[in-house]
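J.: For reference, the sequence and a predicted model appear below.
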Amino acid sequence: MSSKADILNKIKQNQPAFITDLPDLNLLSSENADVLATYKTVLQNIGGDLVEVASYAEILDYIKKNYALEKRIITTISELSEIASLDWTSDDPHSLADVELNVIKAHFGVAENSALWVTDDVLGQRISPFIAQYLAIIVHKNDILATMHQAYERIGNQQYGFGTFIAGPSKTADIEQSLVLGAHGARGLIVFMLD
Amino acid sequence: MSSKKIIEHSQAATHFNKDVERVNWHDETLWFVREKRDKSAHQIPDWELLRETASQIKNNVLSNIHDYLIEFEANAQKNGIIVHWAADAKQHNEIVHSIMAKHDVKQMVKSKSMLTEECHLNDYLAEKGIEVIDSDLGEYIVQLRKEPPSHIVLPAIHLKKEDVSETFHEHLGTEKGNIDPQYLTESARLSLRNTFLTRKVALTGVNFAIAETGEIVVCTNEGNADMGAHLADVHIASMGFEKLIPERKHLGVFLRLLARSATGQPITTFSSHFKKPRDGKEIHIVIVDNGRSTQLGREDFRNSLKCIRCGACMNTCPVYRRSGGHSYHNAVAGPIGSILAPNLDMSKNADLPFASTLCGSCTNVCPVKIDIHDQLYKWRQVLVKEGHTPTSKTIAMNTMAKVLANPTIFNIAGKSGRFVMKNIPGLVNNKMNKWYDQREMPDVPEESFREWYKKNSREAKAKDNE
């Protein structure tokens, strides 16, 4: 407690005498003529894959064709119960270590960096998008915003315990700047863009 | 603070420069990152306005940080987060250890935190019998090699894949001579996955702390901070108090700037917002001063606290690129490290503000518009005034000032200089004279400009023609 008082006192003494104004964020442009095209290009550039789908049935088809169904697949989306389990959300998070694919739904995406916003209520468990070997995220076409400024306008006062922007698969370039996908989190990210 | 003897920057840089091929590679690799930054920045039409906006937000933070800290703590506590205050590195380390001790845990997994490097947390915990594993791949590599990180964003940028292969062969049993980055990364992934799954305490750094909501934001590409934090019972987040920003919406500005400035990516893979602990779990935030409040009171150097640790100033710095991060003997290297370090310890870090050409490239790329090269220059004045520079330099400077101030002495000095260089070159062209290091001197002129001008000026010629 005394440290706190000491630190705060010293800060009060040493900070500038006058408070400078905060800038107007509205001056920053949030325009983008074609958010969808930008989203797709950026996602591709950072190692993500985009699949356009018209329905959950198409997502089911795609997963059946492209993933080993005998491996563990989890989701928080009831429409996908045919190929993925839904009953893991109150398990010990360590028990998700063997998950091959996790399919979740994002609140929205951002065109300028292809990031997708997800929070506790769509994650099932906080660890789920990180611990799975592969990650698939569904986002509605009309939920793609231009920039991060619009993203935070949309988030506004949203209540969550945990939320994260996910942009592409986990990656590293720590060995001689060589890009490797699949550092500690998902090795691949598929974005299902839903009509 | 480590008690190891400090090797001055210029000396360490000389050593680094012995391997010419490697220095060239280091230089080019970092310049490549700088170019990626440019390409990425140029795609944002508002880039300069974005920098200006970020700078103004940070100015506001520094002018009101007392109140923002109180607001942040209250909101974090409302969210169920436990907040600690540490006046210095020692207190920070003791707080972290006390949390470990309370839970009777002897192992920690850590994601990148330059603050814990600044506080030498790993050494402290090792002495207490606690094992720390750094989980960022670059940090993991340098930790295995018992080296500090050489760059705040790219900790192992000084190493080649052959070095990493050797290290992993020794510690992880990877195939000898296999230098494939994919293979090496996969080996580390497997080993660290086991670490994440078995640690009860995870420590992370903090990129941004939001006063309005009491939440913290941690950015990684690897997902290592999240793998640690969401599997552990206790998440400890260490932050310098300058990480505060006023409102959540300000993240829009900083998250657009951070990764683009750092590596040229449009954003890091993960930008995780921790607001409340999971049910039954704990989040601790340790707010650290460690000299920051002193820096806040130095008007000329105050705005170094605006730094968001992107590393752009290092990637662009011609001195950093050709001397390597370790030559700065400070947790934060490069231009920004050189203006932060003297605040922590003037006598130990007196050499760092001189490790610059003052070219200003750092200032030009800084996403929050810190006047880095001006501050480097100003630190030099302070360090000389306070007697932290070598005596030989003071004598040389005083002599030079006298010579330059007096035309007669200047004349004599010039003449004798030219005479010596021409007739007894060995007297100046030797190892004692730094001006001859890696330089070839031009031919000695026959006369000085002043002598030439006396003969050739319009007046002199007019006189001749009379």
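T.: Received the coordinates, thanks. Numbers count the residues shown, from 1 in each chain, chains lettered A, B, ... in the order given.
J.: Do a quick rundown of the strands in the stretch 1-150 of chain B.
T.: Using DSSP state E, counting those that start in this stretch, the strands of the stretch 1-150 of chain B run over B:82-86, B:107-110, B:131-134.
J.: Go through the ones you listed and name the closest to B:Ser293.
T.: Between B:Ser293 and the strands of the stretch 1-150 of chain B, the tightest spacing by C-beta to C-beta is seen for strand B:82-86, at 11.5 Å. Heads up, the C-betas are built off the backbone N, CA and C, glycines and all.
J.: Check which residues of the closest one are buried.
T.: The neighbour-count check on strand B:82-86 (16 or more other C-beta atoms under 10 Å in any protein chain shown) flags B:Val83, B:His84, B:Trp85, B:Ala86 as buried.
J.: Can you say which of those residues are also within reach of chain A?
T.: Subset of these in contact with chain A: B:Trp85, B:Ala86, counting by C-beta under 8 Å from any C-beta of the partner chain.
J.: now the buried residues of strand B:82-86 as TSV including distance to A:Ala5?
T.: Shown next, in TSV, are the buried residues of strand B:82-86 (distance: C-beta to C-beta, whole Å):
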residue	distance to A:Ala5
B:Val83	14
B:His84	14
B:Trp85	9
B:Ala86	13
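J.: tally of neighbours for the closest residue to chain B within chain A?
T.: Closest contact between chain A and chain B, by C-beta to the nearest C-beta, is at A:Gly185 (2.8 Å). Here the number of neighbours of A:Gly185 (other C-beta atoms under 10 Å in any protein chain shown) works out to 27.
J.: Am I right that it is in contact with B:Glu222?
T.: Yes - applying C-beta atoms under 8 Å as the test, A:Gly185 and B:Glu222 come out as touching, 6.9 Å apart.
J.: Now the common contact residues for the two.
T.: Residues within reach of A:Gly185 and of B:Glu222 at once, by C-beta atoms under 8 Å, 6 or more residues apart in numbering or on different chains, are A:Ser170, B:Thr269.
J.: Look up phi and psi at the residue nearest to B:Ala460 when sequence neighbours are not counted.
T.: In space, B:Ala460 comes closest to B:Lys454 once its chain neighbours are excluded; the distance is 6.1 Å by C-beta to C-beta, 6 or more residues apart in numbering or on different chains. In terms of degrees, to the nearest 10, the main-chain angles of B:Lys454 are phi -60, psi -40.
J.: B:Lys454 contacts B:Lys463, doesn't it?
T.: No - counting by C-beta under 8 Å, B:Lys454 stays clear of B:Lys463, with 10.4 Å between them.
J.: what's the nearest residue to the closest residue to chain A within chain B if we skip its chain neighbours?
T.: Nearest residue of chain B to chain A (C-beta to the nearest C-beta) works out as B:Gly223 at 2.8 Å. Leaving aside its chain neighbours, B:Gly223 sits nearest to A:Gly185 (2.8 Å; criterion: C-beta to C-beta, 6+ apart).
J.: Please determine how far that neighbour is located from A:Ala132.
T.: When distance is defined by C-beta to C-beta, to the nearest Å, A:Gly185 is 8 Å away from A:Ala132.
J.: so what's B:Asn93 closest to, chain neighbours aside?
T.: B:Tyr124 (4.1 Å).
J.: The one you found and B:Pro45: what is the separation?
T.: Relative to B:Pro45, and taking C-beta to C-beta, B:Tyr124 is found at 47 Å.
J.: Output the below-cut-off pLDDT ranges for chain A.
T.: Residue ranges of chain A with pLDDT under 70: A:1.
J.: which residues in it form strands?
T.: Using DSSP state E, the strands assigned to chain A run over residues A:49-53, A:72-75, A:99-105, A:108-110, A:116-119, A:134-140, A:144-145, A:162-166, A:171-172, A:180-181, A:188-194.
J.: how about those in CSV, adding mean neighbour count?
T.: Below are the strands of chain A laid out as CSV (neighbours: other C-beta atoms under 10 Å in any protein chain shown):
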stretch, mean neighbour count
strand A:49-53, 15
strand A:72-75, 22
strand A:99-105, 22
strand A:108-110, 25
strand A:116-119, 24
strand A:134-140, 22
strand A:144-145, 22
strand A:162-166, 26
strand A:171-172, 24
strand A:180-181, 21
strand A:188-194, 22
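J.: Neighbour count: B:Tyr124 and B:Pro45, which is higher?
T.: B:Tyr124 (19 against 11).
J.: I figured that one was touching B:His97, is that so?
T.: Yes - with contact defined as C-beta under 8 Å, B:Tyr124 counts as touching B:His97 (7.1 Å).
J.: Many thanks, have a good one.
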